[in-house]
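>>> Generate a structure from the sequence data that follows.
(chains A, B, C and D)
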Number of protein chains: 2
Amino acid sequence: MENNKVTIHDIARALNIDSSTVSRALNNSPRVTQVTKFKVLNKATELGYQRNLMASNFRKQKSNLIGVVVPRISRHFFSSVIAGVEEVAFESGYNVIICQSLESLDRERNITETLLANRVDGVLISVSMETNSNDHLLQLKKNGTQFLFFDRHRQISGINSVLIDDFQGGFDATEHLISKGCQNIAHLSGPQELKIYENRLNGYKSALEKHHIKYRPELVLYSRLMEKDGKESIEKLRSLPIKIDGVFAANDVSAIGAMKHLKKNGVQIPKDVAIVGFSNEPISSIIEPSLTTIDQPGYQMGKQATEILLEQIMNGKSLSNGKKIILKSSLIERESSRK
Amino acid sequence: MENNKVTIHDIARALNIDSSTVSRALNNSPRVTQVTKFKVLNKATELGYQRNLMASNFRKQKSNLIGVVVPRISRHFFSSVIAGVEEVAFESGYNVIICQSLESLDRERNITETLLANRVDGVLISVSMETNSNDHLLQLKKNGTQFLFFDRHRQISGINSVLIDDFQGGFDATEHLISKGCQNIAHLSGPQELKIYENRLNGYKSALEKHHIKYRPELVLYSRLMEKDGKESIEKLRSLPIKIDGVFAANDVSAIGAMKHLKKNGVQIPKDVAIVGFSNEPISSIIEPSLTTIDQPGYQMGKQATEILLEQIMNGKSLSNGKKIILKSSLIERESSRK
DNA sequence: CTGTTAGCGCGTTCAT
DNA sequence: ATGAACGCGCTAACAG
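Numbers count the residues shown, from 1 in each chain, chains lettered A, B, ... in the order given. Predicted coordinates for the structure are as follows:
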């Protein structure tokens, strides 16, 4: 409970040297002799000294903090990304501060404000579903705070992104359904403000075209892809004159909502594979869902994004301008429990 | 790119008042007139002032940071906890810094050191599998840094914990298997250094006793509960003369390893429900695994733990001494795909 | 190699 | 209600 009040001055006083020497010794500066280093280190442990990074960071005008903004940390994709971020950051002596936008633009604005006030050295962000303007992001840019998009990005000149090949993912998902014999394939898409949903939709269209299936706009439903949206979308689809025989959902959450609703109502989608979502829940690989997923390399994405961000921080600027790193996703087909 | 150099002094100068008045105005102190407040606020936005929390925190000797230490953030239980932590912390103006021990004691020590150096106001920790000593935790205590265990705790006098009723969970899981007709139930347990595994094991024993099934020590395997441990445990069990007809795994990861191995080798566990693990993966509720889980309220735990921690921080000390908050888990049985 | 000096930006005395 | 002055703990610049 005793407040740790030991500072470098206390060490200095005890040793009859100057605090700046102590500082240098503790930072292992080459400009101080081994003997004094030794003495200082000893005295430090003797007095129970603990370095005060708050003071050090403040003095150096560097927080050694990087902020990560995600819609919701408990979604496995995002927590995987963060796992990667934390590992790379930790190795480089950075701490990671986590913020959830909870899919709210207001909150996202609030968060960037706080991060700025805390003088974080960099920001990694995957924007919310509501984010349809760039003002808060431009503020980061104007301020000179290094940042980077991952996954859910927006178009801002000069800002790099680490992305997943969403077009290919949408294409693969749709083609997979077609290969299973589906002809009337619905697509649950998200806000077209977000490039990722636009791209997945384009992949869907492209696959249909390749296989000479007519694109029907009424089979594409737009929502914020929450669980209830999946449910409601299924409702709407069932009221159509067309019999849907495959669904491609643009995220896992809506897919879950759709699946639950289908099961609850005992609806059998005729063809074998029904829903394709984007996810990489590890547990899903041991079960037998009628679910094929396009798995996203979240962990890898987190590591890579952080490496780039740290480089930007080092250089005080991005070397590449508005570069997009595209990672591959992989289609994982699982043994279906439907016959 | 222009460095934001605007400080309260710039505002003061522009207004021909003192910086201390500006400081008071910005902090909405009652000891400053409305007129000057107004002028200050206007000038602030005009000059593009941004408060510097680094300086403010340093001056106030308060970081407004709380550190969360988890074994691995990408495990759904932990990311759920963190989601809850972040929400509560954010509302109270605290930032959350995330650290992963990756189940390594060395890393955990390293982390507490960093957190201390960063002068975090409090720490929430769920210890690693390797953690068999308390030195680093006692250091926190000695330092007067408020902290709290959640889930994986250790016994330290005066330190509060938020836990899940592991005894009951183990009991429920085992009794469930018994109700399905299992008689030879194996248990994959973890390091007995950790109370949670000891308690789950005790629940297992207790359920056996209640139903007059003899406890056989050779059916309990101890490991660090990684995927490969699940696999290896199954191997060992198969080499026993006894035919296992049920498995109770003390966590989800080992359960996954076990399941995968069983399926790969086409082993049919005779009875209907085979494995009970601790998890709450949301996606698992729409699929049809031969898996019953004891779901843990991670999100709720995160919120509650944070509330207690913030209270401790407010008071500079814990009001209750070594209190244990016990949350209930719930057994979730899923439609089995085995016949 | 070490000491001296001077802040980083803010909040908090104590005056007035 | 406002100003003057100081210092949080540390590091960087310049001396010597």
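>>> Tell me where the stretch 151-300 of chain A has helices.
A:166-179, A:195-210, A:227-238, A:252-264, A:298-315 (DSSP state H, counting those that start in this stretch).
>>> Which of the ones you listed sits closest to DNA strand C?
helix A:298-315 (18.2 Å; Cβ to the nearest atom of the strand). C-betas here are computed from N, CA, C, even on glycine.
>>> tell me which helix or strand of chain A sits lowest on mean pLDDT?
Lowest on mean pLDDT, DSSP states H and E among the helices and strands of chain A sits strand A:275-278, with a mean of 63.
>>> Let's have the helices of the stretch 151-300 of chain A in JSON lines, adding distance to DNA strand C, mean pLDDT and mean neighbour count.
What follows is these, written out as JSON lines (distance: least, Cβ to the nearest atom of the strand, whole Å; pLDDT from 0 to 100; neighbours: other Cβ atoms under 10 Å in any protein chain shown):
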{"stretch": "helix A:166-179", "distance to DNA strand C": "41", "mean pLDDT": "93", "mean neighbour count": "22"}
{"stretch": "helix A:195-210", "distance to DNA strand C": "37", "mean pLDDT": "96", "mean neighbour count": "20"}
{"stretch": "helix A:227-238", "distance to DNA strand C": "42", "mean pLDDT": "92", "mean neighbour count": "19"}
{"stretch": "helix A:252-264", "distance to DNA strand C": "41", "mean pLDDT": "81", "mean neighbour count": "23"}
{"stretch": "helix A:298-315", "distance to DNA strand C": "18", "mean pLDDT": "96", "mean neighbour count": "21"}
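>>> As CSV, the ones you listed with distance to chain B would be great.
Formatted as CSV, these follow (distance: least, Cβ to the nearest Cβ, whole Å):
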stretch, distance to chain B
helix A:166-179, 17
helix A:195-210, 19
helix A:227-238, 9
helix A:252-264, 4
helix A:298-315, 7
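>>> and residue A:122, which of those is closest to it?
Residue A:122 sits nearest to helix A:298-315 of all those, at 4.7 Å, using Cβ to Cβ.
>>> Heading C-terminal from the closest one, find the next helix or strand.
strand A:324-327 (DSSP states H and E).
>>> In the stretch 101-250 of chain A, which residue sits nearest DNA strand D?
Using Cβ to the nearest atom of the strand, the closest approach of the stretch 101-250 of chain A to DNA strand D is made by residue A:119 at 13.9 Å.
>>> shouldn't that residue be in contact with residue A:63?
Yes. Residue A:119 is in contact with residue A:63 according to Cβ atoms under 8 Å; the separation is 4.8 Å.
>>> Now do the shared contacts for these two.
Common contacts of residue A:119 and residue A:63, defined by Cβ atoms under 8 Å, 6 or more residues apart in numbering or on different chains, comprise residue B:54.
>>> higher neighbour count, those two?
Applying other Cβ atoms under 10 Å in any protein chain shown to residue A:119 and residue A:63 shows that residue A:63 carries more neighbours, namely 23 against 20.
>>> In a markdown table, list the helices of the stretch 151-300 of chain A along with distance to residue B:223.
A markdown table is the format used below for the helices of the stretch 151-300 of chain A (distance: least, Cβ to Cβ, whole Å):
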| stretch | distance to residue B:223 |
| --- | --- |
| helix A:166-179 | 37 |
| helix A:195-210 | 40 |
| helix A:227-238 | 36 |
| helix A:252-264 | 31 |
| helix A:298-315 | 24 |
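>>> Could you point out which of these sits nearest residue A:110?
helix A:298-315 (21.6 Å).
>>> what's the residue sitting nearest the centre point of chain A sitting at in phi/psi?
Nearest to the mean C-alpha position of chain A, by Cα atoms, centre = their mean, lies residue A:78 at 4.7 Å. Here is the backbone geometry of residue A:78 (degrees, to the nearest 10): phi -70, psi -40.
>>> All set, thanks.
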